[in-house]
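**Student:** here's a sequence, model it:
(chains A and B)
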Number of protein chains: 2
Amino acid sequence: MPPKTSPEATRDRILAAARSEFARYGIAGARIDRIAKDARTSKERVYAYFTSKEALYRHVTGQELTAIVEATAMDPADLPGYAGRLHDYYAAHPERYRLVQWGRLELDPDNTDPGVEDPIRATMAGKLERLRQAQRDGMLDRSWDPIDILVLLNQIASAWAGQAALAPDDPDAFDAFMRDRRAAVVAAVARLFPAPS
Amino acid sequence: MPPKTSPEATRDRILAAARSEFARYGIAGARIDRIAKDARTSKERVYAYFTSKEALYRHVTGQELTAIVEATAMDPADLPGYAGRLHDYYAAHPERYRLVQWGRLELDPDNTDPGVEDPIRATMAGKLERLRQAQRDGMLDRSWDPIDILVLLNQIASAWAGQAALAPDDPDAFDAFMRDRRAAVVAAVARLFPAPS
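**Tutor:** Purely as a prediction, here's the structure:
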């Protein structure tokens, strides 16, 4: 662990503060001076590390997408299990789902720096290739285009992310409700994209 | 049609300007003075009609949800057809999808005025009751909870809303791509929630 005053420690504190600021306020609403204050550094240091608010947002979102990929590990031979893990991840980390959603609303997909690789696209390309391979290996129904498998599965697995308002308030009733929703998510993916028997 | 200087005409211009401002910038990012200027009126008049920026957002979102319900007409006996219509609606009006999505990120569901009926909840309650009735009538698989039918169907039908970045740029290729995606959306809902044979 780097000492608290090292450049690495400062950079880590900036990233942690940025994650929480962006998740709460979005990109336009985030304030670099609030991030700097939370990270016990200056606005100038934040810009020295990350050049712009949007670049900082893209950096923390890229880290978060990598964390989701690692925590949920897509297995083309068991897509219902993968959908259950994604659902659990979003249920445990609603603020990380929010963090990524802001970019879908606020960033213009036609106006991005072509030199910067979009982390969502890069992650998708790898997953699409693995789904295609599973189809060639006879482990997955070939009648679906892999892009539909991936996008529909993500939509189904994220159905309850940020939808807590529809759940009961009482904690026990809430837990029972979310258990039922998780079962429906897994059942839906099993019906659409069953694991090979 | 009311004359252009009537209070009704002013109110309609405010609503049109607000829809476009909120869809583009969200609630926090929207500026009442920009809405007033677009609507050729004053900030004071906007507040006289709608009391607050959030109240104005809720008003235009409520109108939009009513418009979606009317344009897409859920038929519990043909949910795949309904999913296709929803997909078409979002494809034709990406800015209306954005308008509603901002509220999911920006409005605190636990901090709403209990005197104001949430239009999303009110719309859902009516649809849930119709799905329940279709299950009682034997027109819909009873093994699903109606809330899962509704939420999963919405997620699947909106899978391509605001995802144009994944589609090809060339207009002909774009149209062919979106036709295939629409077919996959309808096929997925047909597999999950088939119409009675």
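**Student:** shaky segments in chain A?
**Tutor:** In the predicted model, chain A carries pLDDT under 70 at residues A:1-4, A:109-119.
**Student:** residues of it that sit close to chain B?
**Tutor:** With C-beta under 8 Å from any C-beta of the partner chain as the criterion, chain A meets chain B at residues A:25-26, A:28-29, A:98, A:101-102, A:104-106, A:109-110, A:118, A:121, A:124, A:144-145, A:147-148, A:151-152, A:155-156, A:158-160, A:162-166, A:180-181, A:184-185, A:188, A:191-192. Backbone N, C-alpha and C define where each C-beta goes, glycine included.
**Student:** the residue most central in space within chain A: which element?
**Tutor:** Centroid-nearest residue in chain A, with C-alpha atoms, centre = their mean: residue A:65, separated by 4.7 Å. Using DSSP states H and E, residue A:65 maps to helix A:53-72.
**Student:** residues making contact with that helix?
**Tutor:** A:14-15, A:18-19, A:22, A:27, A:30, A:32, A:35, A:46, A:50, A:82, A:85-86, A:89, A:96, A:99-100, A:102-103, A:107, A:116, A:119-120, A:123 (C-beta atoms under 8 Å, 6 or more residues apart in numbering or on different chains).
**Student:** could you give me the buried positions within it?
**Tutor:** Neighbour-count burial for helix A:53-72, counted by 16 or more other C-beta atoms under 10 Å in any protein chain shown, picks out A:53-54, A:56-62, A:64-65, A:68, A:72.
**Student:** and if you look at stretch A:78-94?
**Tutor:** Using 16+ other C-beta under 10 Å as the test for burial, stretch A:78-94 gives A:78-90, A:93.
**Student:** cool, and stretch A:134-143?
**Tutor:** A:134-135, A:139-140.
**Student:** any idea how far it is from the middle of the chain?
**Tutor:** Distance, stretch centre to chain centre, for stretch A:134-143: 26 Å (C-alpha atoms, centre = their mean, to the nearest Å).
**Student:** got it, and stretch A:25-34?
**Tutor:** On the basis of C-alpha atoms, centre = their mean, stretch A:25-34 is displaced by 19 Å from the centre of the chain it belongs to.
**Student:** export only the CA atoms of it, formatted as PDB.
**Tutor:** Taking Å, rounded to 0.1, in the frame of the first residue of the first chain, the C-alpha atoms of stretch A:25-34 are listed here in PDB:
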ATOM      1  CA  TYR A  25     -24.800  13.700  -9.900                       C
ATOM      2  CA  GLY A  26     -23.900  12.400 -13.400                       C
ATOM      3  CA  ILE A  27     -21.300  14.000 -15.600                       C
ATOM      4  CA  ALA A  28     -22.800  17.500 -16.100                       C
ATOM      5  CA  GLY A  29     -23.800  17.600 -12.400                       C
ATOM      6  CA  ALA A  30     -20.400  16.500 -11.000                       C
ATOM      7  CA  ARG A  31     -18.100  19.200  -9.600                       C
ATOM      8  CA  ILE A  32     -14.400  18.800  -9.900                       C
ATOM      9  CA  ASP A  33     -13.900  21.000  -6.800                       C
ATOM     10  CA  ARG A  34     -16.100  18.700  -4.700                       C
END
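**Student:** residues in contact with that stretch?
**Tutor:** A:17-18, A:21-22, A:43, A:46-47, A:53-54, A:56-57, A:102-103, A:105-107, B:25-26, B:28-29, B:105-106.
**Student:** how far away is residue A:126 from chain B?
**Tutor:** Distance of residue A:126 to chain B, computed by C-beta to the nearest C-beta, to the nearest Å: 15 Å.
**Student:** what's near enough to touch residue A:15?
**Tutor:** By C-beta under 8 Å, 6+ apart, the contact list for residue A:15 reads A:59-60, A:63.
**Student:** for the helix or strand hosting it, which residues meet the burial criterion?
**Tutor:** Element membership for residue A:15, per DSSP H and E: helix A:7-29. Residues of helix A:7-29 classed as buried: A:9-11, A:13-15, A:17-23, A:25-27, A:29 (neighbour count, 16+ other C-beta under 10 Å).
**Student:** please apply the same query to stretch A:183-196.
**Tutor:** For stretch A:183-196, burial by neighbour count (16+ other C-beta under 10 Å) applies to A:184-190, A:192-193, A:195.
**Student:** now, which of these sits nearest chain B?
**Tutor:** Proximity of the buried residues of stretch A:183-196 to chain B (C-beta to the nearest C-beta) peaks at residue A:184, which lies at 3.9 Å.
**Student:** pretty sure that closest one sits against residue B:152.
**Tutor:** Yes: look at residue A:184 against residue B:152 with C-beta atoms under 8 Å: they come within range, at 7.1 Å.
**Student:** which neighbours do the two share?
**Tutor:** Counting by C-beta under 8 Å, 6+ apart, no residue touches both residue A:184 and residue B:152.
**Student:** residue A:10 and chain B, how far apart?
**Tutor:** In terms of C-beta to the nearest C-beta, residue A:10 sits 28 Å off from chain B.
**Student:** please report how far the closest residue in space to that residue that isn't next to it in sequence lies from residue B:160.
**Tutor:** Leaving aside its sequence neighbours, residue A:10 sits nearest to residue A:41 (C-beta to C-beta, 6 or more residues apart in numbering or on different chains; 5.3 Å). Applying C-beta to C-beta, to the nearest Å, the value for residue A:41 to residue B:160 is 41 Å.
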